[in-house]
Structures are given as C-alpha cells and as structure tokens.
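Undergrad: Here you go, sequence then predicted model.
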Amino acid sequence: MHASIQQHTRPAAKPCQREHRSSPVHVTALAPVRRHQDRMLAKAADVNIRPTGDHHQLDSHHQQQPAASKCPFLAALPSPPPAQNMWWNRLQQLFNPGAYQAEALGPHDVVQASAQFGMPEMYVMGKAEYIKTVFSGENDGTTTVASNRIMAMRDLLGPQNLLQAPEPRHKYLRNLIMPAFTAEAIEKLVPRMETVLHRFLNNWADVGQVKAHDELRKMTFTFIMAVVMGRDYPENVVNHLGELYGTWASGLLGWPYIDLPFTRFGKAQRAKQELLDWFQGAVDEARADLAAGKSVPGILGGLVSAVDENGNSLTDAELGDNLLLILLAGHDTSSTTLTNTMANLQGHPHVFEKLQQEQRRLVAKHGTAITGSLLKEMVYADAVIRETLRLNNVVAGLMRKAAKDIEIGGYQIPEGTTLYLPLTHVALNDPRWVDDEPQTFKPERMMTPEGLKPGAQMPFGHGPRFCAGYAVAMAEMKVYLALLARGYDFQCDTNTEWVQEIGRKPKNGLPMKITSKLAQQSCLFCLSSSRSLNQTTHSWHRGRSHRT
C-alpha cells in the first residue's frame, strides 16, 4: 500500500471542486480518480496499522482525527498514518529537529503528529515535492501562513513581516521591499561588507585565539547593522543592540512561551520592544532626511523611500517588523552557516586549499578588489556554502496551513490542517545523493549538473516566500571566505558537542587560532633582513680587521 501511495504524485495540491460534483460530465472525468481511490481505500487499513507493544507507543497515543473533508472525493482518501516516534518525544521538534523529523516520518512520506506540550496537531510532509507544493500553494490560495503557535513567531516577529503576512498583503509588502535587495543595491553594499569583515579578521589575528562562533555572531551583527542602517555605530551601541537582539532571538525557542518577566519568552518580548523603539528613532531620522532632500544610505534608505503606485509607503509597524526579520535572516543565518563552514574546513583542509586556489586565480584575473561581479565567479566558495547548508540547514522546519480541502501524496488534507515542512530531513535525504555519501561534506557535488539544481534543498524557502535577503546573506558569506582564503590561516577545535538553537551551535564555542599571512610574510621579511644585515655587518668587520 505504501509503495502505491509513494508513486501517486501530482504536480500540485488538488482542491475539491464542489461546484462540479453533481455534473455527469465531471463525474465521468473523475472515474479514473475514483478507481485510484478505491484501490487506496482497499488498502487503507494497511497504511494506518499501528505497531503494538509498550516500545511502540506512537504519536497516535493522544491523536484526534481532523474533521473530514466535505468533498466526497477527498473524504474518501485516507488520512496519513500516525507519527512513528513516541508521543512524549514531541519536544525534539524544537531542540533536536533533524532527529525528530526522521523518527516521526519513519518509512512514510506523510504522517500525522498529535498535539502535545502546547504544540499543534500537524501533518508532516516528508518529500521535497510535497513541501514545494505547500510553499507554492500560496499563489493559488490552497495554503496560507500558519498560526505558528510552536515558536510564537507572530508575537516575537510581528504580524507585518514578510514571513507572517498573509496574501495579498505579503505580495504588496514584497513589492515595496524587494528594490532594496536588487543586484545593483547589493553591489553597492560589497565595499562596506569588505571593510567590516576585514576589520574583524585582522582583530582576531591580533588576538591570536578567539571563540569562532561568538566572534562570527558579533561580526555578522555588526555587518548587518552597518548595511541595513547605512552607517557605522560606536562599539558600545552595537554591543548593546547585539545583547538585546540575542535576548529577543532566544525567545524563539523559549518554550513554553509564557510571557512573564523571568521567562525567556517574557525577556524576549521586552527586548523586542526596546529594539523597535530604537528602530523607530532611526526611521524618524531617515524620514526627516528624505523630507529635507537628503539621501538615506543602506537598506533602511530603500525601505523608507519605497512607495506604491498610489504614493503609499511602509508603515512604522511594517518597517519595524521587517527590520527585525532582516536582522534575523542576515545575522543568524550567516553566523551559524559560517560557524559550520569553519568546522567543515577544519575537517577537510583540501577544501580550504581549493578556496585559496580559486582566490589566487581571481586576483590574478581581476586584481584585489572584491566586487559583485567577482562574487559571481566564486563558484567553489558558492559550492562550499551550499554544501554546508545541505548538511546543516539553519531553518530546520516551517509551518503552513491548508486554506481549503486539498490532496497531497494521496491523502486528504482538510481545511485548517497545520502542515509541517521538515526542511532538514528532506535536504539530508535528497534523492540525488543517496548513493554518493550523503552524510559527507563534498562541495564538489554542488558543481555537478545535478548539484546546480535546487533539488530537495530549500534553506531560504521556496515559491512566493523565498527569502528576500538571500543574495545579501550569500554575498556576505562569500566576501568572508574570499578574505579568509586570501590572507589568513586558522585551526579550529572541533572536538565538541553541537546543540540546537537557531541552527547548530558548538558547545565549546569553536576555539580558533588565526594568523595573518601578511604578518607571517612581514616576520619572514624581518628575519631575512636581519640575517642579511648580520652577514653584511660580519663581512664589514672582517674586512676592516683585515685592513687593519
């Protein structure tokens, strides 16, 4: 039965066409569908078999069946089998999402997880094509944003950002925001990227040893603040805002999400308000500058100056919510990915050598300036980043909701059903790599014809919700790798446990010794000069003694 369901795939979720169900023409047209449904129903019991025994107390322990579809054809389809993990392991969804996703799905492509620990009942979509169908469903109204009760994102991120806003408001906001993220706009940001990142690398080399994870977080936060606001801020201001940001971001995993002064979630709410108040001051100043005919740099300048065809601009609430989202996307995604990249490079030194070779070739061709066009030619660096994201997806999973009765993978999905999209699981089980050491870090796979396709990887989303700041994050990470490969050597202590926060974090902070090649060359030059001077002095003394 399960094999027959796996083979029954469709290009898109199919809503029930209730208005046609009494038409004899459509009944005839649906005959093949009915025959398929009959075959599925004949074996439906096999799909929903529950293992018995104390060690197989599956998630169906407290499971409630959702209301059946009102459409008779969809109602005839089976519901997904129960999640295959113990029901009390539901909190793994937050704190060990990769393991939860694999265990919940087991051998199935779709399972039904019951409501546990304040988290909603949901259908887990275990195939990339199903996830893409759900993402794309927002275009035709078959799916929509979920309530996100799991991580209380609506409260912490705010309802006006691109991640949360439902259609058609989402499309309206995206049209206003996207001009700030065009290729031309990002090209202008590259010099500032290089300046900020180079400063941090030099500082680390001066110190000699740092905690890579902590320092990469500081670096990416300083960077994203500089490019978003279009200016540099004093270190004490950046540090204070960084602390507020860290408190706010930690609340995204602040289960059980109780808003009290001493809880992570409560502290996050207050940090969020302080951040919004600070952003409001910057927005007011930017609007005053625009009114005075002055230009406003950075992404903020693009956002406050954006207007629609009727002359309307983004509201204060929309600006605040989306500035928070840009910080989250541009800071945590980049710092977590770069932390994992450094660990991967430590374990695969030949990969770092190839990055160095790529930079030597590009410098010989274009000179030392890092530009947007040069970033496009960094194909191996691009492969390193994408391979890191394949193995360590920062966003482990997302949620959507069925906006109407639909069918996915041969199962009925009633209207209102929460749909969980396990991005980590599908990336690690990408059919392209099942026979090519899928657990091994191999950037070269990303440079093959198959690897150049998206496949089952969706680290930045898919469809209408594809991350608006994707190009900024990729540019930042490429600039960092270019500078690292050109001018530094490093060693990281990767002997540590990795824990789940927003992405994987090393418990030891990933201690890193880093040295500047320029400093090494200077030392060698000084040593060489000293030896030459000594030899000259010695010869002079010998000559003088001989003359005497």
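TA: Nice, thanks for sending it over. None of the values given here were measured: they were computed from a predicted structure.

Undergrad: only C-alpha atoms for contact and neighbour calcs from this point on.
TA: Fine.

Undergrad: quick one: stretch 482-499 to chain centroid distance?
TA: When C-alpha coordinates are averaged (CA atoms, centre = their mean, to the nearest Å), stretch 482-499 and its chain have centres 21 Å apart.

Undergrad: Could you do stretch 216-227 as well?
TA: Per CA atoms, centre = their mean, the centroid offset for stretch 216-227 relative to its chain is 16 Å.

Undergrad: quick one: contacts of it?
TA: 189, 192-193, 196-197, 200, 231-233, 238, 242, 298-299, 327, 330-332, 334-336, 338-339 (CA atoms under 8 Å, 6 or more residues apart in numbering).

Undergrad: rerun at 7 Å
TA: 189, 193, 196-197, 200, 232, 238, 242, 298-299, 327, 330-331, 334-335 (CA atoms under 7 Å, 6 or more residues apart in numbering).

Undergrad: Buried ones among these?
TA: Buried members of the contacts of stretch 216-227, counted by 16 or more other CA atoms under 10 Å: 189, 193, 196-197, 200, 238, 242, 298-299, 327, 330-331, 334-335.

Undergrad: which secondary element of this structure has the worst mean pLDDT?
TA: The least trusted helix or strand in the chain, going by mean pLDDT, DSSP states H and E, turns out to be helix 24-29, with a mean of 30.

Undergrad: for the stretch 151-300 of the chain, what spans make up the helices?
TA: 153-156, 169-177, 183-207, 212-229, 235-250, 264-291, 298-305 (DSSP state H, counting those that start in this stretch).

Undergrad: With distance to residue 122 and mean pLDDT added, can I get those helices in CSV?
TA: Output for the helices of the stretch 151-300 of the chain, formatted as CSV (distance: least, CA to CA, whole Å; pLDDT from 0 to 100):
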stretch, distance to residue 122, mean pLDDT
helix 153-156, 17, 71
helix 169-177, 24, 88
helix 183-207, 38, 92
helix 212-229, 33, 92
helix 235-250, 24, 91
helix 264-291, 23, 94
helix 298-305, 36, 90
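
Undergrad: Please render those as CSV that adds distance to residue 482 to the earlier fields.
TA: Shown next, in CSV, are the helices of the stretch 151-300 of the chain (distance: least, CA to CA, whole Å):
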stretch, distance to residue 482
helix 153-156, 35
helix 169-177, 29
helix 183-207, 10
helix 212-229, 15
helix 235-250, 25
helix 264-291, 32
helix 298-305, 23
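
Undergrad: Below-threshold pLDDT in the chain: ranges please.
TA: Residues of the chain that meet the criterion pLDDT under 70 lie in 1-69, 87-88, 118, 146-154, 519-548.

Undergrad: Strands of that one, start to end?
TA: 110-113, 122-125, 143-145, 209-211, 398-402, 406-408, 411-413, 418-421, 488-492, 498-501, 503-506, 511-516 (DSSP state E).

Undergrad: Residue 138 is nearest to which of the helices of the stretch 151-300 of the chain?
TA: helix 169-177 (10.1 Å; CA to CA).

Undergrad: quick one: that closest one to helix 298-305, angle?
TA: 110 degrees (axes from the mean of the first three to the mean of the last three CA atoms, to 10 degrees).

Undergrad: now what about helix 169-177, what contacts it?
TA: 162, 303, 306-308.

Undergrad: go with 6 Å
TA: 162, 306 (CA atoms under 6 Å, 6 or more residues apart in numbering).

Undergrad: Any idea what residue 398 is bridged to?
TA: residue 421 (DSSP bridges).

Undergrad: my guess is it meets residue 421, correct?
TA: Yes. Using CA atoms under 6 Å, residue 398 is in contact with residue 421, at 5.2 Å.

Undergrad: Tell me which of those two has more neighbours.
TA: With neighbours defined as other CA atoms under 10 Å, residue 398 and residue 421 compare such that residue 421 has more, 26 against 16.

Undergrad: who's in contact with the more buried one?
TA: 125, 131, 397-399.

Undergrad: Buried among these? Need that as a selection in ChimeraX.
TA: Restricted to buried positions by 16+ other CA under 10 Å, the ChimeraX selection for those reads:
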select :125,131,397,398,399
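
Undergrad: Out of the contacts of stretch 216-227, which comes closest to residue 512?
TA: For the contacts of stretch 216-227, the nearest to residue 512 is residue 200 (13.5 Å; CA to CA).

Undergrad: Report the spatially nearest residue to that closest one, omitting neighbours in sequence.
TA: residue 219 (6.5 Å; CA to CA, 6 or more residues apart in numbering).

Undergrad: just residue 130 next, same as before
TA: residue 408 (6.7 Å).

Undergrad: Please report how far the one you found lies from residue 465.
TA: 20 Å (CA to CA, to the nearest Å).

Undergrad: and these two? which has more neighbours close in?
TA: Between residue 408 and residue 465, counting by other CA under 10 Å, residue 408 is the more crowded of the two (22 against 18).

Undergrad: Count the residues that sit near the closest residue to residue 270 other than its chain neighbours.
TA: In this structure, residue 270 finds its nearest non-sequential neighbour in residue 248, 7.9 Å apart by CA to CA, 6+ apart. For residue 248, the count of nearby residues is 27 (other CA under 10 Å).

Undergrad: Equivalent analysis for residue 366, please.
TA: If we define neighbours as other CA under 10 Å, then residue 366 has 12 of them.

Undergrad: Ignoring the adjacent residues along the chain, who's closest to it?
TA: That would be residue 374: by CA to CA, 6+ apart, it lies 7.7 Å from residue 366.

Undergrad: That neighbour and residue 82: what is the separation?
TA: Taking CA to CA, one finds residue 374 at 50 Å from residue 82.

Undergrad: Give me the more crowded residue out of those two.
TA: A count of neighbours by other CA under 10 Å puts residue 82 above the other of residue 374 and residue 82, at 26 against 19.

Undergrad: Test my guess that the more buried one contacts residue 112.
TA: Yes. With contacts defined as CA under 6 Å, residue 82 counts as touching residue 112 at a distance of 4.8 Å.

Undergrad: which residues are in contact with both of the two?
TA: In contact with both residue 82 and residue 112: no residue, using CA under 6 Å, 6+ apart.

Undergrad: returning to what we had before: can you tell which of the helices of the stretch 151-300 of the chain is closest to residue 461?
TA: Going by CA to CA, the one of those nearest residue 461 is helix 169-177, 14.6 Å.

Undergrad: ok now that closest one, how far from the chain's centre?
TA: 20 Å.

Undergrad: burial of residue 375, as a residue count?
TA: Other residues close to residue 375 by other CA under 10 Å number 20.
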